[in-house]
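Trainee: Attaching a predicted model along with its sequence, questions to come.
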Amino acid sequence: MRTRDQNGNPSEKRDQNDQPISTYQSHALLVNTLIGVGILSFQRGLAEEVGFDSLWVILIGGGLVWIEVWFLTRMMEKFPRQTFVEVLCRLLGSKRIPWLGRVLSLPFLLLISVYWVVGIGSVSRTFGENVITAVLPRTPIEVTMLLMIATVAVVASNRIQTIARFNEFLLPILYLPIPLLLAALIQWGEWENILPLFQTGWKEIMRGAFTAFFSYSGFSVLFIYMAYYQQPFRAIRSHSTAIGFVTLSYWTVMISSLFVFGGYELPDLVWPTLALIKAAEIPGMFLERLESAILSIWVVVVFTTMVSLFAAWVDLVVSVLRLDEHWRKWVAWGTVPVLYLVASWPGNLDQVFTLNDWLGKFEMASVLLILLILWLLGWIRGNRGRNRTAGTKNKDGKNGGKSHAPTSS
Amino acid sequence: MRKSYTRKRERRKKEYLKDRSERKLDEKVGGLRVYTELEKNLQFISQLLGDATDLVSRRFTIQYTPNRRAAVVYLDGMVEVAIVDEFVLHPLMTEAENIRSKSDIWKTVRESLVQTGEMETTRELKTMVDSLLSGDTLLFVDGCSEGLALGTKGWARRAVKSPRSENVVRGPREGLTETLRVNTSMIRRRLKDPDLRLKDFKKGKRTKTHITLMYIEGVADDAVVKEAKQRMKQIEIDGVLETGYIEEMIEDNTWSPFPQIQNTERPDTVVSHLLEGKVAILVDGTPHALIIPAIFSQFYYSAEDYYERYTIASFLRVLRLVSLFIALLLPTLYIAFISFHVEMIPSDLAITLAAGRATVPFPSIVEALVMEVSVEILREASVRLPGMIGPTIGIVGALVVGQAAVEAGLVSPLMVIVVGLTTISSYATPSYSAAISIRLLRFPFMIVSATLGLFGVVLALLLMLLHLIKLRSFGVPYLAPFTPLHLSDLKDTVLRMPWRWMKKRPVIYRPGDDRRQRKEMDGT
Amino acid sequence: MRRHLRSLGLVLLCAILLTGCWDAREVEERTSVIAIGVDRHAEGYEVTIQVPIPLKVVGGGGGEGGESGHQAVQTFTGRGSTLSRAIDQIQDKVNQELFFGHTRLFLVGEELAKEGIEELLDSSRRQPQARRRQWMLVVKGKARDAIESEPKMEQIPMQYYINMIETGVRLGRFAEEGLGAVFSGLANPGKNPVLNYVDPKNRTVRWAGLGVMAKDRVVGVLTRREATTFLQIRSKELGEPLGAPCPEGEGRLVFEPKELTRKIRIYSRNHRPEIRVTVQVKGGIIEKTCHELDLSKQETMDRVTQAVQATYQRRARHLVKKVQKELKADGFNFGNHVRAYHPDLWKRIDWDKEFPRMKIHVSYDVDILRTGLRYK
């Protein structure tokens, strides 16, 4: 069905590279954006907050994120083929003062771009820290971070469609570490380690769910990407499956680490997932310790997250400043130093994690705020718009205002 | 960026050609008409070819009162002399009585005396010369302002033999030859479809090579055909000796290490691609055909995949894909494991490796680079070596030199295994041009691996992936059907599903007629 | 496209120029430590490591064959106030950088083990090189002696230890407790780690039981016989075959367990826990030296089963008494079950005080399924 849509349509552009984002691509995009650096360490923060109950609090976190993404999707559906930059400009602006919309929308755009830029920096820092502790202890963290950011910049300076296809191709890579996690689970898991459940109060649980947000963060890129969707009206399904898949992945990791380490050891592990892989052994394997291999796979996972955020940022700048396609490259490379500075900003690992926590909540809040604004504006403008259309119809004399009909004719 | 570059390049080439050959030829022949005087014509041609020694001008008389002087001109070796003698000279010299009147003489010669199938009447001397150079025989009659070009092409041809590069165990043994017509005939014989279209081009200002574009109308995507014709038209070059010239001139990204156009020596492969809705380009003088568009996956397909049972074919494809990865990444991984991620190697093996490398004076990257480069040299040398010596030298080089190097403590034994595996694996890729690019890409990967270990390798792989994703061949994304994903096309990628399941042609090529099997065939 | 490739080249160039391969250390440029032994010393710790000499192990170049024992390895000793200080001292003695990525054995001297190993382990938890899957053993006497012992079967003596432990674990006789298990045992308030206890003699090494720990201290050693029952209750291991006296007459029966299920039931009586363990063992007779007994008869079988069951239960009673009264540490990890399944109860009591005086009842349920190739 889908393929026929894509190929049977003669009016479509010749170049398949410029095809709008398909439903599956949107799924891949969201999954790859959400699963990021959080997967390396989210268990620790969560276990610290809610202990054994992290097992299901992570699901609550996923649920909350799903609700927000649901609102976001429904909102953006109303503006097909438009990024929220254009939407905001249009809703906030007026016809008489063309620049007004752009100026008024700046604070909101700034809000979300702060999240994106700081997010990329902090993700690269977090992953850099992980890499230098686990595999490349002597390599300066600046090198790993800079290389990562530079490579991401190369990718992110492409069109959104290319990035969607990039994600589409890389999605299956996510599945690769799962057998290993399961191996660890089977070898070292103990039922007693995940029990007892339901021991924490509501307050802690809510705090835990908020802590989980960072692991799910990144969905705000949909503000930009949904404009490139082929079928924005089908997005709700692909987004839901994506969130479901992400939640399931996190849950698998969470349950494996709980089974293996229990609620007591978990808060003491800086990189629980790495420790999990250290614990796993696949008998008869050619390779013995798979930390480095799995970490290389996570390079991909983290990379896609950074690319998504980065490309969204680039697209935002390009559309705010109304630049040409080829400016993407310059915007991307121009941001690299900023990103590097942001990444070097936290003084130590603890601050990195604090920043991550804060970022997760910040995204949640700012997306909510923007959605609220969009909804309010849509409501006000929509009402006025409806009045106006009603008015025009009146003038046409077709619909209402029979009493006026004689005078107008 | 690229487009403007090619455009610039093409324009420069055009100017250059105009300057040299074109203008010279134009000055000499352009616009010249056939002279009425026979001798003038002969003299002109002889002069134009610089008194070429293979030029044969046979003057004779047509026995009709009054006698007419006439002459045939051909290039020795390019024509079938028997045909010229028997069907041109013989009737002209003996059956002139059929001519009724003086004014009728030219018409009779043309229509009843000369007995060749292919014949062209022209007043243009330029056309005459072109025909002469491509093996036709020219006939001039004194007093006529027209000449005849007679199709008497005939030269030494190589017999149809089995292809050198794409051998199969099961499947036809015929390979394409250097003669275009033989090739088209081989394809026609397999594809008796009236919709098969042949579109001819003459490319090469000096070689005037005959090029044919083939496709099945209604199956091939019109846009691709149009694009291919367009790009063919833009070619301006003095000579086309092989499909490689064309390939480089029409491919999407000349800078990419990956081939974006497939070439094949097998007529059956050409037909199978035509049936998928692709376009084939055949060039006279080479036994290779180009197939456009091409996707990455098809470079590890072999013709045999479709002739063998699907289980075996699928297994072989997976095997080839594995060997593709080995050829690309094995030395890279060796370096990464040996110098960065030693903890990944099982401890017993690590001790063995350490012992093997204890005497090696270089870091693993140097060791690997030296070995890989020497194997490449060996491989190149064995191609150049005459006949029977080639394989022998290859074996001697690999075994003796490798063994000696290990014993001298210059390389570790595992390195020899790695190099050997890599080399063998790169031969498992059916497409030679793809195998070569993989061989080439191996080196940057090794260097990255030596600086940053697996972390760097993954980053480099991601960049390569980005390049592959952006790459396209005549509008078809290079990594299709994986991205953009086309589930129905996945049946014929890593695995080959049974024919029964592949009722439709691959959609990525946007075939006009998308069904391979009709509904009626379902039940049988 | 061309620009994109140029940037690709740029990144590659950066990779080469910027990085200079800080972490590239070839496999032969690492002194790969296979085992660490730690003893108590006046300065703090005395650390002994064993390093295989690759060329000697494999047989250098000309195929003169590998050498074994202490020809193929070298041991180094260092002292220091902490583990890493001591290792630093060793670093001064070796030609290449020490590498702990392949360390698979961590030996602790008895004296040190009794004092506590929590501090000792900190470095292993912090260093990414250290494996989580290392075997940790308590050595009777000094760990240094174990590392210097020379079992002949393997080229690398420590490999012999590793293989021995792994075989025992596979057979269900030894405790499957590596470094990872020790870590989580120390972290979990309801758990205590258990370590295998080995006794190195000059040429041989013997597994001599289990060291039961109260958190990080070894508080006592269980003998081989006790260990079987202990592991059955603690971690559902099969343990070694059981010798039981014949129901009548001279001779003995040997029962080999094949299948084992264990159930722990926790009751709360007057807000105090009471534990009942049921172990169900299925297995076969592998040896019988009592002549009168005819195993083909049902009633005889019943009596034999009774005998085996009684022996198991007697041993269990002994063991529980020893662990409760003598060691006073919950080696069975009952605390973990209470914590997991009865969190309210767990919160009310102080487990370490409660454990030695609580009621623990172990009952066995034996099933003899087959008698080997002989019918009678």
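Mentor: That came through, no problem. Numbering: from 1, shown residues only, chains lettered A, B, ... in the order given.

Trainee: Three-state assignment for residue C:28, please.
Mentor: What DSSP: H, G, I helix; E, B strand; the rest coil gives for residue C:28 is helix.

Trainee: Check what pLDDT it gets.
Mentor: If you check residue C:28, the pLDDT there is 83.

Trainee: wouldn't residue A:346 be in contact with residue A:124 here?
Mentor: No. Applying Cβ atoms under 8 Å as the test, residue A:346 and residue A:124 come out as separate, 11.6 Å apart. Backbone N, C-alpha and C define where each C-beta goes, glycine included.

Trainee: Give me the more crowded residue out of these two.
Mentor: More crowded of residue A:346 and residue A:124, by other Cβ atoms under 10 Å in any protein chain shown: residue A:124, with 29 against 19.

Trainee: which residues touch that one?
Mentor: Residue A:124 makes contacts with A:145, A:148, A:149, A:152, A:302, A:306, A:339, A:343, as judged by Cβ atoms under 8 Å, 6 or more residues apart in numbering or on different chains.

Trainee: Between all of the residues you listed, which two are at the greatest distance?
Mentor: Greatest spacing in these, by Cβ to Cβ: A:302 and A:339 (13.8 Å).

Trainee: Out of the two, name the residue with the larger neighbour count.
Mentor: residue A:339 (30 against 27).

Trainee: mind checking which helix or strand the more buried one is in?
Mentor: helix A:327-344 (DSSP states H and E).

Trainee: near chain B, anything from that helix?
Mentor: No. Residues of helix A:327-344 are not located near chain B by Cβ under 8 Å from any Cβ of the partner chain, the shortest gap being 11.0 Å.

Trainee: From the contact counts, what lies against whichever helix or strand comes after that helix?
Mentor: Sequence-wise, the next helix or strand downstream of helix A:327-344 (DSSP H and E) is helix A:349-396. Of the remaining helices and strands, those touching helix A:349-396 by 3 or more Cβ pairs under 8 Å, 6 or more residues apart in numbering or on different chains; DSSP states H and E are helix A:38-50, helix A:54-77, helix A:84-92, helix A:98-134, helix A:202-216.

Trainee: which of these sits most buried?
Mentor: Counting by mean count of other Cβ atoms under 10 Å in any protein chain shown, helix A:38-50 has the highest mean neighbour count of the helices and strands packed on helix A:349-396, with a mean of 25.

Trainee: could you say what helices and strands that helix packs with?
Mentor: Partner elements for helix A:38-50 (3+ Cβ pairs under 8 Å, 6+ apart): helix A:54-77, helix A:98-134, helix A:202-216, helix A:235-265, helix A:272-279, helix A:291-320, helix A:349-396.

Trainee: The helix or strand harbouring residue C:51: how far from the chain's middle?
Mentor: Per DSSP H and E, residue C:51 falls inside strand C:44-52. Distance of strand C:44-52 from the chain centroid (Cα atoms, centre = their mean, to the nearest Å) equals 20 Å.

Trainee: anything in that strand near chain B?
Mentor: Yes. Counting by Cβ under 8 Å from any Cβ, chain B is contacted by strand C:44-52 at residue C:52.

Trainee: what's the following helix or strand after that strand?
Mentor: helix C:54-58.

Trainee: do that next one and chain B meet at all?
Mentor: Yes. Residues of helix C:54-58 contacting chain B under Cβ under 8 Å from any Cβ: C:54, C:55, C:57, C:58.
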